[in-house]
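In: what follows is a predicted structure for the sequence shown.
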Amino acid sequence: MQRLKNLILVLLLASAPLLTAADELVDLSPAQLQKIRKNNALVIDIRTEQEWQSTGIIPGSRMLQFFDAQGQADPRQWLEQMQKLRRSPEQPIVLVCRSGNRSRMVGDFLTRQAGMKNIYHLQNGLKSWLQQGKATEPVCIGQIACNQAATE
């Protein structure tokens, strides 16, 4: 019986580093996002092209849509594209969506399934950014959109 207890204890201790290997997803307020950007954080807006054009994006953020208009995603392809944007495995990543729901889901995927560290998301999404009067920059995907934005 004692040998069984010792075996269980050894197994638990051996697996402890695995249980703490991935960081938890961290919620950020707009003010905290501004601070972490100063530390070279990569801000990724995962919304759709239509959403980017509708509201603009947080200045300096990168657009990398995760879910399509039907709510479908290809996590493997998205992860490959995201890795090309990231300078190093230690670079913080901040995910942004409209309300914080999609960025939380993607952040949970990155931390829990992909085992990534330094993953954050803007709590309550771009809505919270705009509610605090923070600026966005326009997104010009096509020439017509750019010309319209320049004349307004």
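Out: Arrived safely, thanks for sending.
In: correct me if wrong, but residue 54 is in a helix.
Out: Yes: per DSSP: H, G, I helix; E, B strand; the rest coil, residue 54 lies within a helix segment.
In: for the closest residue in space to residue 97 that isn't next to it in sequence, helix, strand, or coil?
Out: Of all residues not flanking residue 97 in the chain, residue 103 sits nearest, at 4.2 Å (Cβ to Cβ, 6 or more residues apart in numbering). In short, each C-beta sits where N, CA and C put it, glycine included. Three-state call for residue 103 (three-state DSSP): helix.
In: ok, residue 103 - contacts?
Out: 46, 95, 96, 97, 121, 122, 125 (Cβ atoms under 8 Å, 6 or more residues apart in numbering).
In: for residue 63, see how far away the fifth one is.
Out: Spelled out, it's residue 121. Distance of residue 121 to residue 63, computed by Cβ to Cβ, to the nearest Å: 16 Å.
In: what of the second one?
Out: Counting by Cβ to Cβ, the gap between residue 95 and residue 63 amounts to 12 Å.
In: over to residue 44?
Out: Counting by Cβ to Cβ, the gap from residue 44 to residue 63 is 8 Å.
In: between the two, which one's more packed in?
Out: With neighbours defined as other Cβ atoms under 10 Å, residue 44 and residue 63 compare such that residue 44 has more, 24 against 16.
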